[in-house]
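*Asks:* here you go, sequence then predicted model.
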Amino acid sequence: MTTPATIRPPATIPAATPRKIRPPDPAAVARVVAVALAEDLAGGDPTSEGLFGPDATCEMSLLQKEPGVVCGLPIVAAVFAALDSRVVVAATCADGDHIAAVPAELARIGGPMRAVLAGERTALNLLARLSGIATLAAQCVAELDGTGVVLLDTRKTTAGLRELEKYAVRCGGASNHRFNLGEALLVKDNHLRLAGGVAAAVARLHEAQSRLRLEVEAETLDDVRAALEAGVNRILLDNMTVDQLREAVALCHGMTDGAVETEASGGITLANLRQVGETGVDYISIGALTHSPKALDVSLEVAQ
C-alpha cells in the first residue's frame, strides 16, 4: 500500500443552513454489513491470518481521494465493530460534509490487524458507493438552487441497499420518494393500461377509500386533464418536454389553483436539470441518483 505525499485535512464546504440528516435504520445497517461480510469472508482471510498473529495491531488512514460528499462513515464503523469490538474508528468529519481539498483523511482506524484487513474491502465498497450517491445528489441540488424545486430519488435502488442508498441521497441534500410500495398510491403506466385508463384507475382507488396520497403518471396533457378531473394529489409528468411541462403546470394551476402537486421525471440529467426546474414543477425525481452514480475514490492506507 502507498501513502500520498501530502494528506490534507478535510476541507468542508458548509451548507447554507445547518441541517440534521436522519440516519439509516440501525437494523438495516446491521443486515447489510452481515451479508457483505459473509460474502467476502466465506472462506475466512487466510492471507492476513497467515501473515499476522491475533495480537498484532495497526493504525490506518481512511482517505477520500477526489472531491465530493462524504457518506457512510457510521457504516464503516459498523463493519469493523462486527468483526472485532477492539477496532476504533475515529472520524475527522461527518456524513454530509463536502470535501474539496483532496486527498483528505476522513478517519483513523486502529486495532487488530486481522480485523482491519478483513473488513477493509467491505467498508470501502459501501463508503465509495454511498459517497458517490451523495455527491451526485449534491450536484443536482446545487443545479436547482433558487428554483424552489424539491429533488427526489426513486425506488431504482440496489437490491438490499435501499435504506442506505436513500440515506446517501439525504446526505447529498435531496429528499426521498417512496421507500416501498405501501407508502403511497402511485398509478404508473402499466397500472393505467391494465385498469383501463386514468379515470377508471382513480375511481377504483377512490372506492377503496385508502388514506394514502394518490399520484398518477401522465404522459400527455390529456392525461393531465384526466387526472385533474378525477381528483389526485400529485401528477407525475413522465418524459415530457420542457414546453409540455410548462403547459402541464399551467393546467394544474388553472384547474386547481396549484392544489395538485407536479413532479417531473424521465430523461432528466444534469445537462437539462436547470431547465426542467424552471418550468414551475414542485418536484423532480431522478432514478440515476441511486442506479447510476460513480463511486467516489476512497482508500485505506497505513498511517504515517
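*Replies:* The structure has been received and is ready for your questions.
*Asks:* got the phi and psi for Glu59?
*Replies:* The phi and psi values for Glu59, taken as degrees, to the nearest 10, are phi -130, psi 120.
*Asks:* Thr279 contacts Thr241, correct?
*Replies:* No - counting by Cβ atoms under 8 Å, Thr279 does not reach Thr241; the two are 9.7 Å apart. C-betas here are computed from N, CA, C, even on glycine.
*Asks:* have a look at those two and say which one is more surrounded.
*Replies:* Using other Cβ atoms under 10 Å, the more surrounded residue of Thr279 and Thr241 is Thr279, with 23 against 12.
*Asks:* the more buried one belongs to a helix?
*Replies:* No - using DSSP: H, G, I helix; E, B strand; the rest coil, the assignment for Thr279 is coil, not a helix.
*Asks:* quick one: Gly43 from Thr122, how far?
*Replies:* 15 Å (Cβ to Cβ, to the nearest Å).
*Asks:* neighbour count: the two, which is higher?
*Replies:* Thr122 (24 against 6).
*Asks:* which pLDDT value belongs to the more buried one?
*Replies:* Looking at Thr122, its pLDDT is 98.
*Asks:* the one 5 residues further on too?
*Replies:* The score at Leu127 is 98. That number is its pLDDT.
*Asks:* same question for Arg86.
*Replies:* 97.
*Asks:* got a list of what it touches?
*Replies:* The neighbours of Arg86, taking Cβ atoms under 8 Å, 6 or more residues apart in numbering as the test, are 111-112, 115.
*Asks:* okay, those in a markdown table with pLDDT and neighbour count next?
*Replies:* Output for those, formatted as a markdown table (pLDDT from 0 to 100; neighbours: other Cβ atoms under 10 Å):
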| residue | pLDDT | neighbour count |
| --- | --- | --- |
| Gly111 | 98 | 20 |
| Pro112 | 98 | 21 |
| Ala115 | 98 | 24 |
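*Asks:* ok, now how distant is the residue nearest to Gln139 when sequence neighbours are not counted from Leu124?
*Replies:* Distances taken as Cβ to Cβ, 6 or more residues apart in numbering put Leu270 closest to Gln139, at 6.4 Å, once the chain neighbours are dropped. To Leu124, Leu270 is 26 Å away according to Cβ to Cβ.
*Asks:* who has more neighbours out of these two?
*Replies:* The neighbour comparison of Leu270 against Leu124 (other Cβ under 10 Å) goes to Leu124, with 19 against 13.
*Asks:* which SSE is the more buried one in?
*Replies:* Per DSSP states H and E: Leu124 is located in helix 113-143.
*Asks:* check which element follows that helix along the chain.
*Replies:* strand 150-152.
*Asks:* now the helices for this protein?
*Replies:* With DSSP state H as the criterion, the chain has helices at 26-40, 46-51, 73-83, 113-143, 162-171, 189-195, 198-207, 221-230, 242-256, 273-277, 288-291.
*Asks:* on that earlier part again, run the chain-centre distance for the helix holding Leu124.
*Replies:* For helix 113-143, the separation from the chain centroid amounts to 11 Å (computed by Cα atoms, centre = their mean, to the nearest Å).
*Asks:* still on that earlier bit, any chance of the contacts of Arg86 in TSV, plus distance to Leu289?
*Replies:* Rendered in TSV, the data for these read as follows (distance: Cβ to Cβ, whole Å):
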residue	distance to Leu289
Gly111	34
Pro112	37
Ala115	33
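*Asks:* just for the stretch 1-150 of the chain, where's the confidence low?
*Replies:* 1-19 (pLDDT under 70).
*Asks:* residue contacts, Ala128?
*Replies:* By Cβ under 8 Å, 6+ apart, the neighbours of Ala128 are 295-298.
*Asks:* Cys71 versus the residue nearest to it when sequence neighbours are not counted, what's the distance?
*Replies:* By the measure of Cβ to Cβ, 6+ apart, the closest residue to Ala128 outside its immediate chain neighbours is Ala295, 4.0 Å from it. Remark: distance between Ala295 and Cys71 (Cβ to Cβ) = 11 Å.
*Asks:* for Leu161, same thing?
*Replies:* 12 Å.
*Asks:* higher neighbour count, the two?
*Replies:* Taking neighbours as other Cβ under 10 Å, Leu161 and Cys71 compare with Cys71 leading, 33 against 20.
*Asks:* with that, I have no additional questions.
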